[in-house]
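Student: starting from these lines, generate the structure:
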Amino acid sequence: THIVDSVFTGDNEDIIIEEIKRANVICLVYAVDDIASFERVEKYWLPLLKRLCEQHVPVILAGNKIDEGKDVALTDAKVDAIVNAYHMVEISVDCSAKTSENLSELFYYAQKTVLYPSTPLYSVEDGKLNEKCVIALSRIFTIVDTDQDSLLNDAELRAFQAFYFDTGLTEQQLYKMKNFVEQSCQGGLRESHLTLQGFLFVQQSFIEVGKHESTWAVLRKFGYNTHLDLMEDYLYPLPVLPLGTHVELSSNGISYLETLFDKIDKDKDGALSPHEVNCLCELSPNGLPWNRTLDLQTLVQTNAEGWPTKKGFLSLWQFLMYYDHKRAVSFISVSGYEFAMGEPPVQSLSIFRPQAPTKGRERNVYRCCVYGPLRCGKSWFVNSFIGTHQNVLLPDTSLPMDKLSIGVNCVPGSVISGTNKDTFLILEEKAEDPVSADLVIITYDTTQGYSFSGAIDIKQDLEKFQHPFIIVGLKSDLESIRQSTQLQPREYCHRNNLANPLFFSSMASEKKVQDAFSYVSRIVRNPHASHNKGFSDWIFVGGMTVMATILLGMIIYRIRSNPSKA
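Tutor: Next up, the predicted model:
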C-alpha cells in the first residue's frame, strides 16, 4: 500500500490534482471540532473529486480529533447527508491521529473499498442494484442455470457455491437462504427453486449488510473487473500465437459445445432455431462470434428450416476456430467454459505451432481448396458435402468468405480407414489464398470434352505451392465423354504420380457421397496416399528386381560349382 499525504497550500493545487487522478482510494480528513473544516470538504473537495475522477474512485470521510470533542454544529445528520449525496463516498469514520483510535479501522476500510467498492454495484440513493451489476449477475445466472429452466435448483446452487467459494452448501444453509428469500422477496422462489429475481435479491442483501466482498467474489470469478467490464485476460485467455499456428477444438472443447447445444436447444428438436441462437447472446456481452448476416444453411449442415443441427453447430465452431480463433475462444470463455468443465478455457483448444513437435497428437480439421474450370460443378460438389444441393454464394462477413462457396462438415471416424477420429473438412471453392491449404482438389466436368484440359492448366498454376493434389471428375451420373487432352484422366494421374481420379455425382445416394468424402479425409490425413507409383518408379522397381534376380542366380551358381566350399 502506497500512501500519499497531501496538504493544500494554495500553490500546489496542480500537484494534488495529479495525485487525485492516480489514486485508487481517497481519504478526506477534516477536524470534528472545527465546522469550517467540514464545510471545506463539502463545498470544495467533494465537488472537485466528482469533477476530476472520470472512473469511480472510492472516498472515505475521516473525522479526525475525536479526542478533542465534536463541534456542536457538526451533527451526525450533516455527515450522513454528504454520504448520501455523493455516491463516491463509501463510509465515514471518526478517528484520532493522536490516540490512534479507529486508525486501523480507517485503513481497513480504505483497503476494502479499493478491493470491494460498493458504488459500482449498488445505488444508495435508489436503494437497488445498478443496471450494469444486474446485467453482469443475470449473465452469471444464465450460465449457472445448466438446465435452462430459468430457475436454480439445489444441485445448481451447490455447483455455483463450490465454483466460487470452493466449498459446498449444506442442507441447513440452503434451507436458511430459501426461507429468507421466501419471506423477504415476492417472486424470489418458484417450486422451491431460486428465480433470477431471488438470485439478485440475495446479492443485494449481501451488499446492504456490508458483505459486498461476497458479491465481488462471484463477479471476479466470472471475469469482471472493478468497473464491471470483463477483464482482458478473461475475454482473450490465449497468448499471442506465432504466424502459421493451427488452432482447433479439443475433445473437451467439443464436449462443452455439445453440452451447450443441448442446453440451448430447448425444444429438443436437434436444431437451433433463430430464437435459440439468440439465447447464446445472453452468455456474452459481445454477442455471437459470427456475423448475423451469415447464412448458416450455405455453410454447415442444417435441417429443412435452415437451422443448424448439432453436427452443423460443431462444424461451424471448428470453422470459426480455423479462421478467427481469438474471437471464438473469447465466446467459449465468457459463455461459462470454466464453470461447466472445471478447467481453464485454453483446454478447449488443440494448438499446433509451426515446426513444433506434435507429441503424437493429430489434427482433426483440414482446409481443402477446390478448383476447376467454369461451370464444371464445383459449387455442387461443395454443397453436397453439407447436404445442400444448391449453387449458392455466402454473403459478405467479417471472415474471409466473400463471394466464395464454402462447406464445412464432419466425416465420422468410423467410415475413414486408418483412423477412428472424426475429421472436419473445410471445402473452400476458388480460394484466393491456397498457401495454407492441406489439400488441393482439382475438379472437371466428365460430360464436357474440354473440361479436363482446363483442370490441367489450373493444376499447373498451383503446383508452385507444393500441396498434395487429387483429381475429381464431376457429374459422373451422366454419360461421360472422351476428354480432348492427349492423356485421359486416369492415365494423366498415373503419369504424374497422383491417385486415381475420384468420380463423383452430387445426385448420388447419401452413402456414396459419404464414401467420397471419407476418401478425401483419408487422403488429407495421409497426403502420401494421394500419390501413385509413376512411370519412373516402375522403371526403378523393375531394375531393382532384375538386379536382385541376377545376384541370386550368381550365388546359386557358385554354390553348385563348389559344393565342397558350401
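
Student: quick one, phi psi at the spatially closest residue to S453 that is not a sequence neighbour?
Tutor: Spatial nearest neighbour of S453, chain neighbours left out: T485 (5.1 Å); criterion: CB to CB, 6 or more residues apart in numbering. Using the backbone N, CA and C atoms, a C-beta is placed for each residue, glycine as well. With angles defined as degrees, to the nearest 10, T485 shows backbone torsions of phi -70, psi 160.

Student: now for T485: which residues touch it?
Tutor: 452-453, 456, 492 (CB atoms under 8 Å, 6 or more residues apart in numbering).

Student: out of those, which is most surrounded?
Tutor: F452 (28 neighbours; other CB atoms under 10 Å).

Student: wait, a strand at that residue?
Tutor: No. The assignment for F452, made by DSSP: H, G, I helix; E, B strand; the rest coil, is helix rather than a strand.

Student: and the gap between it and E479?
Tutor: Look at F452 and E479: by CB to CB, to the nearest Å, they are 16 Å apart.

Student: could you do T113 as well?
Tutor: Relative to E479, and taking CB to CB, T113 is found at 83 Å.

Student: next one: L61
Tutor: Distance from L61 to E479, by CB to CB: 92 Å.

Student: for R375, same thing?
Tutor: Taking CB to CB, one finds R375 at 17 Å from E479.

Student: so for those two, which residue has more residues nearby?
Tutor: It is R375, of R375 and E479, that has more neighbours when counted by other CB under 10 Å, with 11 against 8.

Student: residues contacting that one?
Tutor: By CB under 8 Å, 6+ apart, the neighbours of R375 are D445.

Student: let's see 7 Å
Tutor: Not one residue lies near R375 by CB atoms under 7 Å, 6 or more residues apart in numbering.

Student: go on, K98?
Tutor: Counted by CB under 7 Å, 6+ apart, K98 has contacts D67.

Student: so what does it look like in phi/psi?
Tutor: phi -70, psi -40.

Student: can you check the one 5 residues further on too?
Tutor: Listed backbone geometry of L103 is phi -70, psi -40, with angles given as degrees, to the nearest 10.

Student: now do A499
Tutor: Backbone torsions of A499, given as degrees, to the nearest 10, read phi -60, psi 160.

Student: what do you get for T302?
Tutor: phi -130, psi 170.

Student: which residues does it bridge with?
Tutor: P308 (DSSP bridges).

Student: ok, it - contacts?
Tutor: T302 touches 271, 296, 308-309, 312, counting by CB under 7 Å, 6+ apart.

Student: out of those residues, flag the one nearest to N286.
Tutor: L296 (19.1 Å; CB to CB).

Student: how about stretch 139-158: buried residues?
Tutor: With burial defined by 16 or more other CB atoms under 10 Å, the residues of stretch 139-158 counted as buried are 139-146, 151-153, 156-158.

Student: any idea how far the nearest residue to N102 once chain neighbours are set aside is from N24?
Tutor: Excluding its sequence neighbours, the residue lying closest to N102 (CB to CB, 6+ apart) is C95, at 3.9 Å. From C95 over to N24 the distance is 20 Å, taken as CB to CB.

Student: neighbour count winner among these two?
Tutor: C95 (22 against 15).

Student: which neighbouring elements make contact with whatever helix or strand S214 lives in?
Tutor: According to DSSP states H and E, S214 maps onto helix 212-221. Contacts defined by 3 or more CB pairs under 7 Å, 6 or more residues apart in numbering; DSSP states H and E place helix 212-221 against helix 154-165, helix 196-208.

Student: only alpha carbons, please: show stretch 339-357 as PDB.
Tutor: What follows is stretch 339-357, C-alpha atoms only, in PDB (Å, rounded to 0.1, in the frame of the first residue of the first chain):
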ATOM      1  CA  PHE A 339     -17.800 -23.300 -14.700                       C
ATOM      2  CA  ALA A 340     -19.000 -26.200 -16.800                       C
ATOM      3  CA  MET A 341     -15.800 -28.100 -17.300                       C
ATOM      4  CA  GLY A 342     -13.800 -27.100 -14.200                       C
ATOM      5  CA  GLU A 343     -10.700 -26.200 -16.200                       C
ATOM      6  CA  PRO A 344      -9.300 -23.000 -17.900                       C
ATOM      7  CA  PRO A 345     -10.800 -22.200 -21.400                       C
ATOM      8  CA  VAL A 346      -7.400 -22.800 -23.100                       C
ATOM      9  CA  GLN A 347      -8.100 -26.500 -22.500                       C
ATOM     10  CA  SER A 348     -10.900 -26.300 -25.100                       C
ATOM     11  CA  LEU A 349      -8.300 -26.000 -27.800                       C
ATOM     12  CA  SER A 350      -5.700 -28.000 -29.500                       C
ATOM     13  CA  ILE A 351      -2.900 -25.800 -30.600                       C
ATOM     14  CA  PHE A 352      -0.300 -26.800 -33.300                       C
ATOM     15  CA  ARG A 353       2.500 -24.300 -33.600                       C
ATOM     16  CA  PRO A 354       4.600 -24.300 -36.800                       C
ATOM     17  CA  GLN A 355       7.600 -26.600 -36.800                       C
ATOM     18  CA  ALA A 356       6.800 -27.700 -33.200                       C
ATOM     19  CA  PRO A 357       6.700 -31.400 -32.400                       C
END
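
Student: list the contacts of it.
Tutor: Contacts for stretch 339-357 (CB under 7 Å, 6+ apart): 143-144, 163, 237-238, 241-242, 244-250, 252-253, 256, 259, 329, 332-333, 337-338, 358, 361, 363.

Student: so of these, which ones are in strands?
Tutor: When the contacts of stretch 339-357 are checked against strands (DSSP state E), the matches are 246-249.

Student: which residue is nearest the centroid of the protein?
Tutor: In the chain, the residue lying closest to the centroid (CA atoms, centre = their mean) is V329, at 2.1 Å.

Student: show me the contacts for it.
Tutor: 237-238, 345, 348-349.

Student: low-confidence regions, the stretch 251-400 of the chain specifically.
Tutor: For the stretch 251-400 of the chain, the stretches flagged by pLDDT under 70 are 356-360, 388-400.

Student: mind doing that once more with 80?
Tutor: 292-293, 355-361, 388-400 (pLDDT under 80).

Student: all helices of it, in order?
Tutor: Taking DSSP state H, counting those that start in this stretch to define them, one finds helices in the stretch 251-400 of the chain at 251-264, 274-279, 310-334, 337-341, 378-385.

Student: and the third one, which residues are buried?
Tutor: Along helix 310-334, the positions that meet the burial threshold by neighbour count (16+ other CB under 10 Å) are 310-325, 327-334.

Student: tell me the contacts of the nearest residue to F452 once chain neighbours are set aside?
Tutor: Once flanking residues are discounted, F452 sits nearest to Q483: 4.0 Å by CB to CB, 6+ apart. By CB under 7 Å, 6+ apart, the contact set of Q483 is 449, 452-453, 489.

Student: could you redo the last one with a cut-off of 8 Å?
Tutor: Applying CB under 8 Å, 6+ apart, the residues contacting Q483 are 444, 449-453, 489.

Student: same question for F141.
Tutor: 152, 196, 199.

Student: reformat the residues you listed as CSV; add pLDDT and distance to L228.
Tutor: CSV is the format used below for the contacts of F141 (pLDDT from 0 to 100; distance: CB to CB, whole Å):
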residue, pLDDT, distance to L228
L152, 96, 21
L196, 97, 17
F199, 97, 17
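
Student: closest one of those residues to D233?
Tutor: For the contacts of F141, the nearest to D233 is F199 (26.3 Å; CB to CB).
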